[in-house]
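Chemist: how would this look folded up:
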Amino acid sequence: MWIDNEGGGLLGDLAKHRMTSRFLAVVVALVGIVLVATTRASVQSLGQHNNWGLDRINQRALSLDESLHDAADGTGVNIYIIDTGVRRTHIDFRDAHGNSRVTYVGDFCTGTLRTSSKELDTGDGYDGHGTHNASYAAGHMSGVAKNAKIFSLRASWQAPTTDPDDAANGGTACGDQTNGRANDQAVMQAVNWITHHGQKPAVVNLSFGAGSPQTQNAILGSIAAGFLYTLSGDTGGLVSDHWGTQVPTQALVVGGTDMNDIPLGAGYGPLLALFAPAQHLFGAGKASDDDYSIPEFDGCSQTCRGGDSFAAPFVAGVAATYLHLHPDATPAQVRQAIISAATPGVVKTDASGEPNLLLRSLYRIAPSSGTGGKLNMITVRYLPSVDATGRARAAGTRIAQCPPNCPLVGTPWGLGQIDETFQVAWQNFPLEVLRDPVRKAEALSRLFGLAVPRRV
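Modeler: Residues are numbered from 1 along each chain as shown. Predicted coordinates:
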């Protein structure tokens, strides 16, 4: 949920009131979520560089309403990321106690599991292809299933052969990455490892765009063992050319769209499952533990396109929210639930026969009035400052302790982390305050010791 001066509804009402330099916005969503921005970034910057994909999958039609209402967060679900590695220590992957939710399984560049290697492919572009994909699936700020566990299986090594670390981290199974397919042996072995050692309920995301017949057979076997797979299309071209004809009927092959619901590729054919956001998405980067960026802006001009790679993890995150509430569901049941919930007819596709379906988050809470003594959970979130390149740094600002007798219940967890969660006894607020979103924001901001929005 993000503030933008052009927003409407509750968020737009708040954004129309000028904020002090320390307090950008307290956003009170009546579903019981509060986001607090206390950074140096401008309101315009936050609106310009937010992860709009989370907003898009939360509603049927454009324009974006800047509200998130998801109830399930992937608790108890494992998301396996077969990719270029995940920056395990990034703040986007911390749990309520400040511990990482990411486990590095190892790399498969030698054709077998190796656990002593580097967690990140140092030659990986996009400011961390795997790190961004993990953050879209399960990042605390950037992702869908914000409390799922993440398991990273590295199946790529793109550093030059002259790199002194090449022998200890690369291998023939990862091959020469210039053709984009030479790591197929590593991918297949990673899939097999999950089949035999993975823990369910689980979803596996693979964003390399294609697989050999051997890898396809491995994926089919893994699905039969109870693991759902989300796979990226190849940003265009027949899905059957990239994933065969059997895998797409049991996994979810995903195409990417931009902010206007326009596909990034064409000619997928009928075996594509659905589309999801994939371009200009704000997420966790690999450069540092508080690095946030738009991946295709890293090292290239802003005309660079995203790709289907970044669409698949959104579907993985939604699958994790389904498994959160239905942990015994089969891959076929999860797949059908996602396809059935998708929004039809909004993607501006070509005539190649792919289904016109856009990913839709499965669980939403209807807004409540906030009265009647209902206890809601609220989250205080510190948004990072963002510069013109799309890269960001976390603010790390702490809130003040709640004063005695304030209308908060319990003790906040994770003080100083990205998010802090409380319960709110809304009946302790006067009714006239609850009915006015700006007054409600002012009241909550005082509780947290922040400056109050100034009306002009």
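Chemist: list the contacts for the closest residue to Thr343 other than its chain neighbours?
Modeler: For Thr343, ignoring the flanking residues on the chain, the nearest one in space by Cβ to Cβ, 6 or more residues apart in numbering is Leu358 at 4.6 Å. Where C-beta positions appear, they are placed from N, C-alpha and C, glycine not excepted. Leu358 makes contact with Arg56, Ile57, Thr257, Asp261, Leu274, Phe275, Ala276, Ala342, Thr343, Val346, Val347 under the criterion Cβ atoms under 8 Å, 6 or more residues apart in numbering.
Chemist: any idea how far the closest residue to the third one other than its chain neighbours is from Pro201?
Modeler: Read that as Thr257. Distances taken as Cβ to Cβ, 6+ apart put Phe275 closest to Thr257, at 4.9 Å, once the chain neighbours are dropped. Going from Phe275 to Pro201 by Cβ to Cβ, to the nearest Å gives 25 Å.
Chemist: more neighbours: which of these two?
Modeler: Phe275 (33 against 22; other Cβ atoms under 10 Å).
Chemist: can you list contacts of the helix or strand where the more buried one lies?
Modeler: Element membership for Phe275, per DSSP states H and E: strand 274-277. The contact list for strand 274-277, computed with Cβ under 8 Å, 6+ apart, reads 52-53, 56-57, 252, 254-259, 261, 263, 310-312, 314-315, 338-339, 342, 347, 349, 355, 357-359.
Chemist: low-confidence regions, the stretch 251-400 of the chain specifically.
Modeler: Low-confidence segments of the stretch 251-400 of the chain, defined by pLDDT under 70: 298-305, 351, 364-400.
Chemist: about what we covered before: partner residues bridging the residue nearest to Thr343?
Modeler: For Leu358, the beta-bridge partners under DSSP bridges are Phe275, Thr343.
Chemist: quick one: the helices in the stretch 51-200 of the chain, in order.
Modeler: For the stretch 51-200 of the chain, the helices defined by DSSP state H, counting those that start in this stretch cover 52-56, 129-138, 166-169, 184-197.
Chemist: residues contacting Arg88?
Modeler: Here Arg88 is in contact with Ser100, Val102, Thr103, Tyr104, Glu119, Ser152 (criterion: Cβ under 8 Å, 6+ apart).
Chemist: not counting sequence-adjacent ones, nearest residue to it?
Modeler: Val102 (4.1 Å).
Chemist: would you check that the one you found makes contact with Leu153?
Modeler: No. Using Cβ atoms under 8 Å, Val102 makes no contact with Leu153, being 11.4 Å away.
Chemist: low-confidence stretches in the stretch 1-150 of the chain?
Modeler: 1-50, 66-71.
Chemist: same thing but 50
Modeler: 1-49 (pLDDT under 50).
Chemist: show me the strands in it, by range?
Modeler: In the stretch 1-150 of the chain, the segments counted as strands under DSSP state E, counting those that start in this stretch are 25-29, 33-37, 78-83, 102-107, 149-154.
Chemist: hmm, who's touching the last one?
Modeler: If I follow you right, that is strand 149-154. 77-86, 88, 93, 101-109, 117, 119-121, 130, 134, 137-138, 190, 193-194, 198.
Chemist: so what are the sheet partners of that strand and their directions?
Modeler: By DSSP bridges, strand 149-154 pairs with strand 78-83 (parallel), strand 102-107 (parallel).
Chemist: figure out which of these is closest to Gly283.
Modeler: Taking Cβ to Cβ, strand 78-83 is the member of those nearest to Gly283, at 12.8 Å.
Chemist: in the closest one, what counts as buried?
Modeler: Asn78, Ile79, Tyr80, Ile81, Ile82, Asp83 (16 or more other Cβ atoms under 10 Å).
Chemist: now do stretch 237-254
Modeler: Buried residues in stretch 237-254 (16+ other Cβ under 10 Å): 237-240, 242-244, 246-248, 250-254.
Chemist: and of these, the nearest to Leu323?
Modeler: Distances from Leu323 to the buried residues of stretch 237-254, taken by Cβ to Cβ, are shortest for Leu252, at 13.4 Å.
Chemist: so what's the closest one closest to, chain neighbours aside?
Modeler: Looking at Leu252 with Cβ to Cβ, 6+ apart, the closest residue is Ala273, at 4.4 Å.
Chemist: what's the domain layout of this protein?
Modeler: The chain breaks down into these domains under automatic domain parsing: 1-38+366-375+391-456, 78-358.
Chemist: for the last one, measure first residue to last.
Modeler: Counting by Cα to Cα, to the nearest Å, the length from the leading to the trailing residue of domain 78-358 is 24 Å.
Chemist: cool, stretch 143-158 as well?
Modeler: Termini of stretch 143-158 sit 26 Å apart (Cα to Cα).
Chemist: how near is Leu281 to Pro263?
Modeler: 15 Å.
Chemist: circling back to that earlier point, of the contacts of Arg88, which is the most crowded?
Modeler: Neighbour max across these (other Cβ under 10 Å) = Ser152, 26 neighbours.
Chemist: if that residue is in a bridge, with which residues?
Modeler: Here Ser152, judged by DSSP bridges, has bridge partners Ile81, Tyr104.
Chemist: please give the element, helix or strand, for Ser340.
Modeler: Counting by DSSP H and E, Ser340 is part of helix 331-341.
Chemist: which secondary structure elements does the helix or strand hosting Val254 contact?
Modeler: Using DSSP H and E, Val254 sits in strand 252-257. Counting contacts by 3 or more Cβ pairs under 8 Å, 6 or more residues apart in numbering; DSSP states H and E, strand 252-257 is packed against strand 228-232, strand 274-277, helix 312-325, helix 331-341.
Chemist: from Asn169, how far off is the residue nearest to Leu113 when sequence neighbours are not counted?
Modeler: With Cβ to Cβ, 6+ apart as the measure, Gly106 is the residue that lies nearest to Leu113, at 4.8 Å, once sequence neighbours are left out. For Gly106, the distance to Asn169 equals 11 Å [Cβ to Cβ].
Chemist: which one's more surrounded, the two?
Modeler: With neighbours defined as other Cβ under 10 Å, Gly106 and Asn169 compare such that Asn169 has more, 23 against 18.
Chemist: touching, that one and Lys118? I think so.
Modeler: Yes. If you go by Cβ under 8 Å, Asn169 and Lys118 touch, sitting 4.8 Å apart.
Chemist: what is in contact with those two at once?
Modeler: Asp107.
Chemist: before we move on, the earlier item: and the contacts of the helix holding Ser340?
Modeler: 203, 223, 226-229, 250-252, 273-274, 315, 318-319, 322-323, 326, 329, 355, 357, 359-362.
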